[in-house]
Structure formats: structure tokens, C-alpha cells
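Trainee: Generate a structure from the sequence data that follows.
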Amino acid sequence: MLWRQKCTKLTFFIGTIGQLVSGFGQTSFVIPERHIRDVKVIRNHMLTGNLRNQVDEIWTSFWTGGIANPTSVIEQFTYLLFIRRLDELEMQRENQALLRNSDLQNALFPPDKQHYRWNKFKNIDPEEMFELVKDKVFPFIKAIHGQQSAFSRHMKDAIFMIPSAPMLDKVVNLIDKLEMDDRDTKGDLYEYMLSKLGSAGTNGQFRTPRHIIKMMVNMTEPKLDGDSSDVICDPASGTCGFLMAAEEYVRTHHKTALMKPENSAHFHNVMFNAYDFDQSMLRIGAMNMMQHGVDNPVVEYRDSLMDYGEENIKDKFTLVLANPPFKGSVAYDELSPDLLTALGKSPKKAEKKVVKTEDGEEKKKKDPTEKTELLFLALILRMLQPGGRAAVIVPDGVLFGSTKSHREIRKTLVEKHKLDAVVSLPSGVFKPYAGVSTAILFFTKTNSGGTNDVWFYDMQADGFSLDDKRTPLIKDLILTTEADAVDEQAAEGVQAPSELPNHKFSNIPDVLWRWQNVHKEIGRKRTDQSFFVPKSEIVEKEYDLSINRYKETVYEEVKYESPEVILQRIKELQKAMEQGIADLEKML
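Mentor: Residues are numbered from 1 along each chain as shown. Down below sits the predicted model:
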């Protein structure tokens, strides 16, 4: 009983101090709700359960074995997964031939190469296995689809980097225990590995969070319907995250259509197109698509901004999804002339200017360059068919930059094509590897204008903390990848998600709901989170697309008590605390 009285007194003191602190107007030490919620185990950005632990163990084996570069780990991991997958495919074909009581046709492993199969070499002596895989099996898989295939071109520069027999033996045994019986598991495993690529590239490229990709894909709604089927492209593909999300959308929303032979052929051979100039990313991207069940994606080496003359891609795709590299620059001499023209620049070869230093020496200035984010917008417009649409992530500077190139590309989008929407993203979306503020531009290529009213959305939360940790904020949410943070049930409901409790943690369901019901957005106030802006106003403001130029902020007047009143309250609280201390001393 005495102890309970002491606890009551201590609770009173804590409460009193809280009152004292809160009495100073804005100065408050209230703990944010998200830090004190009773959150169950949340698996952030990754696979769940035993499979995740197995992948972590394999990753650690590579790391401790001397392969520390995450890209290299993913490549070596992928090669071994592919070798195992080839053996599984061969076993399935053998079983089918046995059921049909016929001979196996076009075997992946000829009779003299049966010992190259996973189930054959996984149990042999480690030293013997190491020599076999390094000198025989690995060269074999590099040409498995023929020397001229796209797969072989990607694998041409691939290197087997596992340094020792004990390490290979350990990794093979661990991979052999992975349960990967379905396509979703393979895709999730690959997404988990890709999440470890946590640093930005030297050219400004970095991994796009999967929930942002999913939002963009859901808003553009890829189609699979005969001649109306989309041909999708990412001109700066990296690991093919956008194409993977589009593939999942099609499988989910067009199940029946995918069963038709013509649609299936389009899906596996034409629908998905990726370009990048990083060979490692191309290999990983190609494997990513194959693990997700696309038989023959078009994943090609290409510096999209360079001039290929008559081979420049033009009017080819119906949907472009992209997060082009930011903050990069390309010399004029390397660029396709039409891209420069689209930015209001002369495509003529620029002459180097010579200046004299204080010592009288001649010094040549650097070649003129152009920003990659602007060039990619011009490129995407060229690549799209008339009527084709795009969703592109751009840094905020594209929206309000004052240079001639910035103004020209914005003017082109508004005047010559149809700018549909601008979704402003929270500034911490790309942390921990980039803190740049960004937005998503949604537009349709028309070559004849069509912009009337542009829809703006001020997205302030994406379901994760906006610091370097990027902790999930929604209670009881278990994630396989970030894409699972998108509450599609709320996005498809009758009620606007902005009226639901979780809206303060994630605005993505509200973005999707309002986009689907965009006709209801007419008349929304500029103080709301989303609203329309007429083209005339955008033109008046020199095609500025920054939401802050149009959003109205309402400031609430805050009235504080006079210093005399605050001091009196402090005295009263202090007196109460002194009395409490005196009472506690009597109890001791």
C-alpha cells in the first residue's frame, strides 16, 4: 500500500512537470503517436520468416568470403539461382516426356553435359565442384540461349567471382535449401536482394521505392487487350522495378485476357522494354523480369540520350514509366540533336571558347552541357506514340527552374501535349541515399495540345518515416516489399481515404482514389490537398508547375497568455511541487 502511494506521488510529479512545460505556448515535449503505438513485428521492405533468414545467411556468406559489393553479390547469387532453375526446368520437361511416353526434345543439357546440372554437382567434392562450375557450368549458361540471344549479350561480360571451393560449397548448400516453388516467392526474394542496393549511382540514379512505383503503375493502368495492348518502356531501367510492377498489375487485373494466345505472346515478348547503359544493372534487370515470369523481355544496352541517327527510337511505345537520373549532365557533342531542339537549344556542335588567365595563358572552357532530367523528358516525348502516356519522376527544379531549357520543356508539355497531373512527393521519399525533393509528372503525347486543367496533389506522407530509417508507420502492417504498404482496399472504397485514420501516415490510397474520381475534384479549394489549376493560370505564371505557386495556406492565429499569467501559473505549480516533496519526505 505504501509503495502504491509513492507511485501515485511520482505520477503526480511527472504530470505536474508536463503541465509546467506545456504552459509555455509552443514549447511542448509531446511524444509523437507513431513512437508510442503498440506495433507488432513489422518486417520492413523484406521477405518474411525463414526464407528471409536463409537469404541473409547466403548474403553474409558472400560478404565474409570477400565479395562485398552488393551489386556483385546479387549477380553471383543470381547466376547460381539460374543454374538451379535450369535444372528444375529440365526435370519438369523430363517428367512431362515420361508421362507422354516420348523422348525429350531439345534438351537444355545434352547427354555429354548431364554433369553440369545442379542436382548432379551439388553433392560432389567441393574442390571438384568449384573447378566444374567455374570452368564448365558458368561458360555453359552464358550461351544457353545461343550466342546471338539478348541473354547472351547481357552475360558476355559476366564474371564468376566466387573465390574458393569452401565458399561455393557453402552457398550451393544454402541455395539448395531455399523453397522457391512459386513465381511470387522468386519475385519477392529478388526484391529483397535489390533492396540492399542502398546507394545512389555516380550518374544520379538510385533505387525507386516500390510503393511509389506501384502508385504510378496503378494510376497509368497498363492495358492488355489485343491491338490495344500497351507497349511499356523504361529508358533508364536499372533493375527493372517499373516493368516488374507493371507485369504484376497486368497479371492481377487482366488474368482472363492473359489466357488468350495472342495476348500471352505480346506479354512475354513485346510488352516490356528496358534500356540502360550499366551492364551490371541490365543483367540484374533481365534476371528480375525472368524471375517474375516474363519469358523474353526486351532488356538492352543503350545510352538513351546519345544520337543513334536513324536508329533513334521514335513513336514506339504507348506507356513510359521512369525515374531518370537526376543531377547529371551530358556534353552537347554526345546528344541527339532533336533532344536539344526540344529544349530550345541549337543542335549545332558548340565551339569551345578560349579565355585568358591573369598570366596571359590561354585556357579552354568546358564543353557546354545539358541536364539529364530535362533531356529525358524530351526523349520520352520522342519515344511515345501519339496518344501514349507517361509517368515520370523529376526533381523539383524541373517544375520551377528559370533557365531557357526548363521553361521550354514545361511549355512543350502544356502547349503541345496534354499535361494531366503533377503529384508532389514528400522530400524524404528517397532517403537514406538521396534527400532531393521530387514530383511525378503525368502527361499524354498528342502533338496538338489538349491541356485544359492540371490536377495537383500535395502528397505529405507515404507510409514510412521521412528520415534515414524509413520506418513503416501504419500499425500491424507486415511488408514483403514496400509495395505492400499501398492499401488498395482503401483506394477502391466508397469513402475518400483522406477521411480515414491512416491518411496521416500514408496519402497514397487517397491519391489513387481521387485520381479514379478526378471528376469530383472540380471545385476543390486551393487550401485542400488536391485541386485543379486552369491552363491559363499556369501560362500566366510562366509554366511554373510547383504546387506552392498555386496552393493557398491558411494561417491560424495563436494567442498566448500574458507573461504575468504564465509566471503566476509557474509559482502555483512550484508551490504544489514543494508541498509534494514535503509529503514524500514524511513517507520515507
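Trainee: Can you tell me the centre-most residue of this structure?
Mentor: Centroid-nearest residue in the chain: residue 208, 2.1 Å away (criterion: CA atoms, centre = their mean).
Trainee: mind listing the strands in the stretch 451-588 of the chain by residue range?
Mentor: 453-458, 530-534 (DSSP state E, counting those that start in this stretch).
Trainee: ok so, going back, just give the nearest non-adjacent residue to the residue nearest to the centre of the chain, would you?
Mentor: Of all residues not flanking residue 208 in the chain, residue 323 sits nearest, at 4.5 Å (CB to CB, 6 or more residues apart in numbering). From N, CA and C alone the C-beta is placed, and that goes for glycine too.
Trainee: how many other residues sit next to the one you found?
Mentor: When counting by other CB atoms under 10 Å, one arrives at 27 neighbours for residue 323.
Trainee: Over to residue 471?
Mentor: By other CB under 10 Å, neighbour count at residue 471 equals 14.
Trainee: Same list (the strands of the stretch 451-588 of the chain) but as JSON lines, adding distance to residue 100 and mean pLDDT.
Mentor: Formatted as JSON lines, the strands of the stretch 451-588 of the chain follow (distance: least, CB to CB, whole Å; pLDDT from 0 to 100):
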{"stretch": "strand 453-458", "distance to residue 100": "56", "mean pLDDT": "97"}
{"stretch": "strand 530-534", "distance to residue 100": "58", "mean pLDDT": "97"}
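Trainee: quick one, which of those strands is nearest to residue 372?
Mentor: Set against residue 372 and scored by CB to CB, those come closest in strand 453-458, at 24.2 Å.
Trainee: Enumerate the sheet neighbours of the closest one, specifying parallel or antiparallel for every one.
Mentor: Next to strand 453-458 in the sheet, as set by DSSP bridges, lie strand 418-424 (parallel), strand 530-534 (antiparallel).
Trainee: The helix ranked longest in the chain: which residues count as buried?
Mentor: Longest among the helix segments of the chain by residue count, using DSSP state H, is helix 70-100. Residues of helix 70-100 classed as buried by neighbour count (16 or more other CB atoms under 10 Å): 70-71, 73-87, 90.
Trainee: And the pLDDT for residue 63?
Mentor: Looking at residue 63, its pLDDT reads 89.
Trainee: Residue 21 now?
Mentor: Looking at residue 21, its pLDDT reads 33.
Trainee: Least confident secondary structure element in the protein?
Mentor: When the helices and strands of the chain are scored by mean pLDDT, DSSP states H and E, helix 33-36 comes last with a mean of 32.
Trainee: Could you point out the helix or strand that follows that helix?
Mentor: Following helix 33-36 in sequence order, the next helix or strand is helix 49-64 (DSSP states H and E).
Trainee: how far out from the middle of the chain is that next one?
Mentor: Helix 49-64 sits 23 Å away from the centroid of its parent chain (CA atoms, centre = their mean, to the nearest Å).
Trainee: Mind giving me the packing neighbours of that helix?
Mentor: Packed against helix 49-64 by the contact rule (3 or more CB pairs under 8 Å, 6 or more residues apart in numbering; DSSP states H and E) you find helix 70-100, helix 165-176, helix 183-194.
Trainee: if we can go back for a sec, closest to residue 248 out of the strands paired with strand 453-458?
Mentor: The nearest among these, by CB to CB, is strand 418-424 at 20.8 Å.
Trainee: ok, then the element right after that closest one?
Mentor: Using DSSP H and E, the helix or strand that follows strand 418-424 in sequence is strand 438-444.
Trainee: Give me the contact list for that next one.
Mentor: Strand 438-444 is touched from outside by 212, 216, 219-220, 377, 387-396, 398-399, 413, 417-425, 427, 429-430, 450, 545, 547, with contacts defined as CB atoms under 8 Å, 6 or more residues apart in numbering.
Trainee: Partner strands of it, with direction?
Mentor: strand 384-395 (antiparallel), strand 418-424 (antiparallel).
Trainee: what's around residue 468, how many residues?
Mentor: Neighbour tally, residue 468, other CB under 10 Å: 11.
Trainee: can you pull the contacts of it?
Mentor: 431-432.
Trainee: Sounds good, over and out.
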